[in-house]
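[1] Sequence and predicted model, in that order:
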Amino acid sequence: MADDALHGRNAFAYFPLLGDVEPLPKYLHNMAMLATVLTAGAIALPVGGSRNNSTTTKERAL
């Protein structure tokens, strides 16, 4: 997982080794991908729901 974070961080700092990519399209693409990942994370990890149900927690403790 730490290796994935390193690759993601490097995507903003390094230019591709092959091909010619201008900085503006590169950074716009990276920002769009970051927004997509953050949106997907926000949808996948909703606040509340049955995980925070105190009754369920008490039943598990029995």
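    That came in fine, so what should we check first? On a predicted model such as this, the values are computed, not experimentally measured, just so you know.

[2] quick one, helices of the chain?
    Assigned helices in the chain, in chain order: 2-13, 23-44, 54-61 (criterion: DSSP state H).

[3] which other helices and strands contact the longest one?
    In this structure, helix 23-44 makes packing contacts with helix 2-13, judged by 3 or more CB pairs under 8 Å, 6 or more residues apart in numbering; DSSP states H and E. To be clear about C-beta, it is placed using only N, CA and C from the backbone, and glycine gets the same treatment.

[4] Worst mean pLDDT across the helices and strands of the protein, which element?
    Taking all helices and strands of the chain together, the one with the lowest average confidence (mean pLDDT, DSSP states H and E) is helix 54-61, at a mean of 59.

[5] Next, count neighbours for the closest residue to Y27 other than its chain neighbours.
    In this structure, Y27 finds its nearest non-sequential neighbour in F12, 7.3 Å apart by CB to CB, 6 or more residues apart in numbering. The tally of other residues near F12 (other CB atoms under 10 Å) stands at 11.

[6] Distance-wise, check M33 relative to T39.
    Remark: distance between M33 and T39 (CB to CB, to the nearest Å) = 11 Å.

[7] Below-threshold pLDDT in the chain: ranges please.
    Where the chain drops to pLDDT under 70, the residues are 1-2, 5, 8, 11, 47-62.

[8] 90 instead, please
    Counting by pLDDT under 90, the chain has low-confidence residues at 1-23, 25-27, 29-30, 33-34, 37, 41, 43-62.
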